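Chemist: Provided below for reference: sequence and predicted model.
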Amino acid sequence: MERTPGHFVPSKPVRVVVIGAGFVGSTYAYTLLLHDIADEICIIDVNRDKAVGQAMDLNHSMPLLKRTEIWAGDMDDVRDADVVMIAAGVNQKPGETRMDLLRRNAEIVGNVASEVGRIARNAIILVATNPVDVMTQVSMIRSGLPPSRVMGSGTALDTARLRYLVGRELGLDPRSVHAFVMGEHGDSEFVAWSRASVAGIDLLDWDGFYDAARKRIESEVRGAAYEVIEKKGATYFAPAMALMRITEAVVKDLRTVISVSAYLEGEYGIYDVYLGVPAVVGREGILRVLETPLSREELGKLQDSGRIVRDAVESTGALTEVLEMTARRQKPALVGASAFEASEEIWNTVGDTETGAGTSASTAVGAGADTRYGSKPKRAMRKPRQL
Ligand code: NAD
């Protein structure tokens, strides 16, 4: 008989490494602590004092909680990690464009992921740094880990916001609302209303819950981060909670369906891009991407979202760098190969997981070989499911 999900017994202490000890990273560590998710929490930050301060502050609550080892560490501590959560990043400088910011964060996250991939091939990477879908794809490429082991927080937070707002509107416990936000964690995300329900009753048919209310809620979900940031400077409580739930699903092998940022390989007719979609999350990472049947309009929105993320990934210089690196090594061109295949190729060529000789791969920030949707020669376009 199959083991019951959640009854996974780890053979060693569960270690979560948090990279980036800012608002999100530190609140996440605190949330893990409160929910007793890990035996060991290691905090790493380029600002060493900040990591030490966070570890001290968290440790001071130890007599009041179950014992957890918490320390400010370095990349060596990643070796035994079960989950590495990346929330490292920089904020926009005055006069800096979003694209410059994107490139700077891609470099930071990419370098971190490259180290993680070199040191801890068995870890699951969970990315929070924004734009999260792009950063997750960069992390997958740079780490050389299989796409199933690299995920982003995706639309897990947006989905929580949606369920909260719908629950409030209908006067119901948000946990009784079954609905998903899908696509980019950003402006092109959308609510899959055609799949939203309470106790099997479609929300599209819910008495008194009309189009205007749905539109208002969807726009509140989309604008939530902007509003919170405007009022208090940053979002971190709900993001940390969403990240904690994803981590819990991994370390306890819960096989929970969460709308994480997952790598699409033909699902919904989309190839080689990370997007927020419902996926089964367990000990080995993303066990399966679920293809929720969508209306034609929703499917179009998901594909548009994919194009936006893809363009952003390409703007990090990914494609050029991946291909240039391959050419330098006189390997066959990877045109038509997936981003993962490209990264694997580079990794196999230059990577040495123990000696660190593979660090030259760390210059290969990015993703997305020349593979727009449906243009891959190797795979036939699968007809996406539709209502
Ligand atoms: P923050 O500025 O408070 O923290 C970022 C931390 O990263 C800082 O402590 C900084 O020193 C550290 N850092 C920078 N470069 C580093 C490096 N090379 N190695 C290690 N640490 C490094 O920011 P925050 O509010 O914690 O947000 C972090 C990221 O999370 C941002 O990109 C933010 O947009 C994103 N975020 C994502 C979600 C989501 O749902 N995915 C939600 C909220 C915030």
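Modeler: That came through fine. Quick caveat: nothing in here was measured; it's all calculated off a predicted structure. Numbers count the residues shown, from 1 in each chain.

Chemist: burial measure for the residue nearest to Asp158 when sequence neighbours are not counted, as a count.
Modeler: In space, not counting the residues next to it along the chain, Asp158 is nearest to Val181; the distance is 3.8 Å by CB to CB, 6 or more residues apart in numbering. Bear in mind the C-beta positions are built from the backbone N, C-alpha and C, glycine included. Val181 has 25 neighbouring residues, counting by other CB atoms under 10 Å.

Chemist: ok, Val181 touching Leu162?
Modeler: Yes - Val181 is within contact range of Leu162, at 5.3 Å (criterion: CB atoms under 8 Å).

Chemist: Mind listing the shared neighbours of those two?
Modeler: When contacts are counted by CB atoms under 8 Å, 6 or more residues apart in numbering, the set common to Val181 and Leu162 consists of 191, 221.

Chemist: ok, the residue nearest to Asp158 to the ligand distance?
Modeler: Between Val181 and the ligand the distance is 11 Å, computed by CB to the nearest ligand atom, to the nearest Å.

Chemist: Could you list the buried residues of the helix or strand containing Arg168?
Modeler: Secondary-structure element containing Arg168, defined by DSSP states H and E: helix 156-170. Neighbour-count burial for helix 156-170 flags 156-167, 169-170 (criterion: 16 or more other CB atoms under 10 Å).

Chemist: just the residues you listed that are near the ligand?
Modeler: Intersecting the buried residues of helix 156-170 with the contacts of the ligand gives Leu157 (criterion: CB under 6 Å from any ligand atom).

Chemist: per-residue pLDDT, the residue of the chain found nearest the ligand?
Modeler: Evaluated by CB to the nearest ligand atom, the chain has Gly22 as its residue closest to the ligand, separated by 1.8 Å. The pLDDT attached to Gly22 in the predicted structure is 97.

Chemist: How about it, nearest residue that isn't a chain neighbour?
Modeler: Using CB to CB, 6+ apart and skipping the chain neighbours, the partner closest in space to Gly22 is Ala87 (6.5 Å).

Chemist: And the pLDDT for the one you found?
Modeler: Each residue has a pLDDT score; the one for Ala87 is 98.

Chemist: Then Ser194?
Modeler: Each residue has a pLDDT score; the one for Ser194 is 97.

Chemist: Can you tell me how far it is from Tyr210?
Modeler: The span separating Ser194 from Tyr210 equals 15 Å under the rule CB to CB, to the nearest Å.

Chemist: coming back round to it: residues contacting the residue nearest to Gly22?
Modeler: When contacts are counted by CB under 8 Å, 6+ apart, Ala87 touches 18-20, 22, 24-25, 28, 128-129.

Chemist: let's go with 10 Å and repeat that
Modeler: Shown in contact with Ala87 (CB atoms under 10 Å, 6 or more residues apart in numbering): 18-29, 45, 109, 126-130, 132, 153, 236, 239-240, 243.

Chemist: Around the ligand, which positions in the stretch 1-150 of the chain sit nearby?
Modeler: In this structure, the stretch 1-150 of the chain approaches the ligand at residues 19-25, 44-47, 50, 87-91, 108, 112, 128-130, 132, judged by CB under 6 Å from any ligand atom.
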